[in-house]
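Peer 1: the following block contains a protein sequence and its predicted model.
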Amino acid sequence: MNIKTKILLIVGITVVISVGVMTYIISNNVAKHTQAFTYQIADETAHRYGFEVKAELEKAMEEARMLELAFWQLKLAGNVDRRILDQILIKTILHDPKLLGSWMLWETNAYDGRDKEFVNTEGHGPTGRVNSYWHWDKDKIVVEPNIDWDTSEWYQIPQQRKKETLTDPYVYKVSGKDMLLISTIQPIMQEEKFHGVAGIDYKLDALQDKVKQLKVLENGYSALFANNGMYVAHHSSTLVGQTLGESAEDKALMEAIKSGKRYETIITKDKSLGEEVYRLSIPIIIGETDTPWAFVVNIPTRTITELAVETRNSVILIGGILGLLMIIVLMIMMNRLINPITIMSRRLEKTVSHQTDRIEELPVESRDEVGILAKSFNTMARHLNSSREKLEDVNQEIRVLNEELEQRVEERTEELSQANQELVQSEKMASLGRLVAGFAHELNTPIGVAVGTASTLQNKTKFINQLLEQEEVDEEELLAALETVDEASELTLSNLRRASNLVNSFKRTAVDQTSEEVRRFDVKLTLEDVVNTLHNKFKRTDIKIQLNCSDKLNIYSIPGALEQILTNLIMNSWIHGFDEGKNGGNIVIAIQLVEQRLKIEYSDTGKGIAPEVLEQVFEPFFTTNRVGGGSGLGMYICYNIVTTQLEGSMMCESVVGEGVVFKIEFPVTV
């Protein structure tokens, strides 16, 4: 990378970082101000639209108040025809097309005491009570009696509260059809006594049309909720009449509606828009009712961040253009300053590439810094040419010495390799020697017993011959002698059999450990031979050897290699793990065949291996028992056999005080 590129790279990185920092700061500030501004707009919009909806409901409530006031004044006048009350109801809905109907229901004989005279007459039910419901039916106004007042909230709640009431949307049968509507209800009260109700039914369609027309910024929408969480109006008509769900957001909104409090939050995924939105809920309280409603605006958060994104993009574009202009100006200046040096470098390169024996001096064409640089270079070239000649002579001497050194290194390497092989073979022979010593000691006992019993047998045979040579033979003495002969024969035979088994086991083990022949063999029998040959080391200790292997596990492999590995591991545990048998413990050898691979897990409960030693356990000539005659090749031989001869893997795990685990794995043929 030349100087020009380096300078351009440094300046370019500086420009990019500067533009990035500037963009981050500006966009972050714009995002904050935009968010605050949008939240302010949302708040003003919610209050303005909420006030409009509240005004509509207050108007309906005021109509109910006027009905109650008019009806009571007529009652006070005395004996006023009930038809006048009906005319008032009709005129109430005539002047406001948004109203679905107006109605009244007096308690029994509460108005004029003449309920019996009006039983089942036009506009009255079977009770004869003042009970009229005037409502629109298409393009005409019709009347029918109110029904189900004894079980419906529109009558029971005002009767209990004795205050004006705004009902939640409910289904009522109008002209034989179920219709979802809301009612503003004024109880007819006098001296704390309940006489009946007067109410106005409001068309939900009117509220739906009004809310649906309200625009919240460009992509937002508004919704109107009753006190019970039911959608009264929504830009999606399918939701009208449904209630809020069980999600955490809906429960929080429901709690805010019930308590009549302002509520704002961020919704991760809005049901209607399918994206993240900012939600603001404004309570709507009508008159003296204690069932507040809520007007809710929902604005996509992307709308809030769009201005910040546009500003950020503009800043990036402007910064990129400015940075590009700076780089272009810098390139022009760099060309004027660095071109002379570039020309000098090219001439030097040509000189060096064409003249391998000498460095040619450069022409001095100016007296500025470049000229001074050329003079200095020429002085350096003269010194280098002189040094180069001396260096060539020294290099020639070094080449000769290197050739001699390489030859010596090869000779020493070959000698070390041969010595290493001899050491490894010596270790193998030493291992075999330990087997022979153990075998001889183990064989000594049964042969000694057999010799002793044979001597006893010889003496008893001579004694029997002496008895038989006498004229009279004592039968008891003869039978006792024969019984002794039989016992001696049996004892001799059993010990000779034991000696024979030991010899056979040793023959298999010794032959296998000195052979690299691949053959089919019984894994468990082979390992039992190894354990038997080492029995002399463990028979006077508290060390238990447990072999976990299938009885029918026969494989094609190198039995001698496996025996060498197990011999070294067992002796390693005896020497290092159990302090030459002074400490007790367990050795477990678990073997299993998994997918044509023989897996061996060898573990003992000895004193374990320290972490710093564990890292070097497979290195040649590394031992912690140098004083005791350790060669440091036992584990190296095991590792070398597993990884090279058997083409497998071997690893060691240990915790000081808990023992050691060797895991061996290599491919076999069944």
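Peer 2: Sure thing, it's come through.

Peer 1: wait, residue 661 sits on residue 600?
Peer 2: No - assessed by Cβ atoms under 8 Å, residue 661 is found out of contact with residue 600, at 10.8 Å. To be clear about C-beta, it is placed using only N, CA and C from the backbone, and glycine gets the same treatment.

Peer 1: more crowded one of the two?
Peer 2: residue 600 (23 against 16; other Cβ atoms under 10 Å).

Peer 1: which SS class is the more buried one?
Peer 2: Secondary structure assignment for residue 600 (DSSP: H, G, I helix; E, B strand; the rest coil): strand.

Peer 1: tell me what it is bridged to.
Peer 2: Judged by DSSP bridges, the bridge partners of residue 600 are residue 591, residue 664.

Peer 1: quick one, what contacts it?
Peer 2: 589, 590, 591, 662, 663, 664, 665 (Cβ atoms under 8 Å, 6 or more residues apart in numbering).

Peer 1: so what's the residue count around residue 130?
Peer 2: Neighbours of residue 130 (other Cβ under 10 Å): 27.

Peer 1: just checking, it touches residue 108?
Peer 2: No - using Cβ under 8 Å, residue 130 is not in contact with residue 108; the gap is 9.6 Å.

Peer 1: shared neighbours of those two, which are they?
Peer 2: residue 115.

Peer 1: the strands in the stretch 51-200 of the chain, which residues?
Peer 2: For the stretch 51-200 of the chain, the strands defined by DSSP state E, counting those that start in this stretch occupy 99-106, 131-137, 140-144, 165-166, 170-174, 177-190, 193-203.

Peer 1: got CSV for these, with mean neighbour count, distance to residue 243 and mean pLDDT too?
Peer 2: Below are the strands of the stretch 51-200 of the chain laid out as CSV (neighbours: other Cβ atoms under 10 Å; distance: least, Cβ to Cβ, whole Å; pLDDT from 0 to 100):
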stretch, mean neighbour count, distance to residue 243, mean pLDDT
strand 99-106, 24, 22, 93
strand 131-137, 20, 26, 92
strand 140-144, 14, 29, 91
strand 165-166, 27, 17, 94
strand 170-174, 15, 12, 91
strand 177-190, 19, 12, 92
strand 193-203, 23, 19, 93
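
Peer 1: out of these, which gets nearest to residue 409?
Peer 2: strand 177-190 (100.9 Å; Cβ to Cβ).

Peer 1: the closest one: how far from the chain's middle?
Peer 2: Between the centre of strand 177-190 and the centre of its chain there are 57 Å (Cα atoms, centre = their mean, to the nearest Å).

Peer 1: before we move on, what about stretch 119-134?
Peer 2: 71 Å.

Peer 1: got the end-to-end distance for it?
Peer 2: 18 Å (Cα to Cα, to the nearest Å).

Peer 1: what's the first helix or strand after the helix or strand of the chain with the lowest mean pLDDT?
Peer 2: Here the helix or strand of the chain ranked lowest by mean pLDDT, DSSP states H and E is helix 475-513, holding a mean of 67. Following helix 475-513 in sequence order, the next helix or strand is strand 519-522 (DSSP states H and E).

Peer 1: in the helix or strand that that following strand is followed by, what counts as buried?
Peer 2: Downstream of strand 519-522, the first helix or strand assigned by DSSP H and E is helix 523-533. Using 16 or more other Cβ atoms under 10 Å as the test for burial, helix 523-533 gives 523, 524, 526, 527, 529, 530, 531, 532, 533.

Peer 1: let's have the strands of the stretch 51-200 of the chain in a markdown table, adding distance to residue 413.
Peer 2: Shown next, in a markdown table, are the strands of the stretch 51-200 of the chain (distance: least, Cβ to Cβ, whole Å):
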| stretch | distance to residue 413 |
| --- | --- |
| strand 99-106 | 108 |
| strand 131-137 | 112 |
| strand 140-144 | 117 |
| strand 165-166 | 103 |
| strand 170-174 | 101 |
| strand 177-190 | 99 |
| strand 193-203 | 105 |
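
Peer 1: so which of the ones you listed comes closest to residue 5?
Peer 2: Residue 5 lies closest, by Cβ to Cβ, to one member of the strands of the stretch 51-200 of the chain: strand 177-190, at 75.5 Å.

Peer 1: how about that closest one as PDB, C-alpha atoms only?
Peer 2: Extracted C-alpha coordinates of strand 177-190, given in PDB (Å, rounded to 0.1, in the frame of the first residue of the first chain):
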ATOM      1  CA  LYS A 177     -85.200  -7.600  15.100                       C
ATOM      2  CA  ASP A 178     -82.200  -7.700  17.400                       C
ATOM      3  CA  MET A 179     -80.300  -4.500  17.300                       C
ATOM      4  CA  LEU A 180     -77.100  -3.300  19.100                       C
ATOM      5  CA  LEU A 181     -77.700   0.100  20.700                       C
ATOM      6  CA  ILE A 182     -76.800   2.400  23.600                       C
ATOM      7  CA  SER A 183     -79.100   4.400  25.800                       C
ATOM      8  CA  THR A 184     -78.900   7.600  27.800                       C
ATOM      9  CA  ILE A 185     -81.300   7.200  30.700                       C
ATOM     10  CA  GLN A 186     -82.700   9.700  33.200                       C
ATOM     11  CA  PRO A 187     -84.500   8.300  36.300                       C
ATOM     12  CA  ILE A 188     -87.800  10.100  37.100                       C
ATOM     13  CA  MET A 189     -87.200  11.100  40.700                       C
ATOM     14  CA  GLN A 190     -89.200  13.200  43.200                       C
END
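
Peer 1: let me know the angle separating that strand from strand 170-174.
Peer 2: Strand 177-190 and strand 170-174 meet at an angle of 100 degrees, taking axes from the mean of the first three to the mean of the last three Cα atoms, to 10 degrees as the criterion.

Peer 1: listing partners with orientation, what would you give for strand 177-190?
Peer 2: strand 165-166 (antiparallel), strand 170-174 (antiparallel), strand 193-203 (antiparallel).
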